[in-house]
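Asker: Here's my sequence, what's the structure:
(2 chains)
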Amino acid sequence: EAQVTQNPRYLITVTGKKLTVTCSQNMNHEYMSWYRQDPGLGLRQIYYSMNVEVTDKGDVPEGYKVSRKEKRNFPLILESPSPNQTSLYFCASSSRSPGQSYSNQPQHFGDGTRLSIL
Amino acid sequence: GQQVMQIPQYQHVQEGEDFTTYCNSSTTLSNIQWYKQRPGGHPVFLIQLVKSGEVKKQKRLTFQFGEAKKNSSLHITATQTTDVGTYFCAGIGNDYKLSFGAGTTVTVRA
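Answerer: Numbers count the residues shown, from 1 in each chain, chains lettered A, B, ... in the order given. As a prediction, this is how the structure comes out:
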């Protein structure tokens, strides 16, 4: 089954304790990205990757890191989490970068990770 | 990058009625996508519009892309309880970045 898998689904942790949220897709997609969803603000892109070893900042990258060493995996790293990073996080992938082709390039989202930073 | 504004933020609809949600961009878009997120779920792709003035239908849902490619709308006819959720538009600018609107959260009164 084609899917994007995020882990963990839920995490409660404390300020300053490094954490990693994993994301893996089995569709051989080139493009992957991370979003955070907050009430009234919709989905804001944190980082994206157009292919292996190619990553770039989205709209709200401060406090986050990513890596893309393999095509299928795109982990999100919070080196020193703070309470303002409490949010619902989604990983997404698509076969190609949005806008690279006029054919549909839908984003396939994972089930989400709800992070609470105390 | 472009900013995508979506209105209204909330839409309370009587079952059987129609409603429309609107999406406006500060810049011209190359294309626009629409997603639906059910309560507790993740966004699911509905459709992509590419051409100026394009209109696409999916059963009771009608999607439109403005002539200037700076706005879009989603119109739902005869709302059903299965339409509950948050509808997001996402605009793709010339920088290939996907910018999501804040979403319209729809509740339905039976």
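Asker: how far away is the closest residue to A:Ser116 other than its chain neighbours from A:Asn28?
Answerer: Nearest non-adjacent residue to A:Ser116, counting by CB to CB, 6 or more residues apart in numbering or on different chains: A:Ile12, 4.5 Å away. Just so you know, the C-beta spots here come from the backbone N, C-alpha and C atoms, and that holds for glycine as well. Relative to A:Asn28, A:Ile12 is positioned 34 Å away (CB to CB, to the nearest Å).
Asker: Which elements pack onto the strand ranked longest in chain A?
Answerer: Determined from DSSP state E, the single longest strand within chain A is strand A:42-51. Helices and strands touching strand A:42-51, by 3 or more CB pairs under 8 Å, 6 or more residues apart in numbering or on different chains; DSSP states H and E, are strand A:31-38, strand A:54-57, strand A:65-66, strand B:85-92, strand B:98-100.
Asker: So for the helix or strand following the third one, mean pLDDT?
Answerer: Right, strand A:65-66. Counting by DSSP states H and E, the element after strand A:65-66 in chain order, helix or strand, is strand A:76-78. Averaging pLDDT along strand A:76-78 gives 98.
Asker: Convert the helix or strand following strand A:76-78 to PDB, retaining C-alpha atoms only.
Answerer: Sequence order places strand A:87-94 as the next helix or strand after strand A:76-78, per DSSP H and E. Extracted C-alpha coordinates of strand A:87-94, given in PDB (Å, rounded to 0.1, in the frame of the first residue of the first chain):
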ATOM      1  CA  SER A  87       2.000  21.700  17.100                       C
ATOM      2  CA  LEU A  88       0.700  19.100  14.700                       C
ATOM      3  CA  TYR A  89       3.300  18.100  12.100                       C
ATOM      4  CA  PHE A  90       2.700  16.600   8.700                       C
ATOM      5  CA  CYS A  91       5.200  15.000   6.400                       C
ATOM      6  CA  ALA A  92       4.200  14.900   2.700                       C
ATOM      7  CA  SER A  93       5.600  13.600  -0.500                       C
ATOM      8  CA  SER A  94       4.900  13.900  -4.200                       C
END
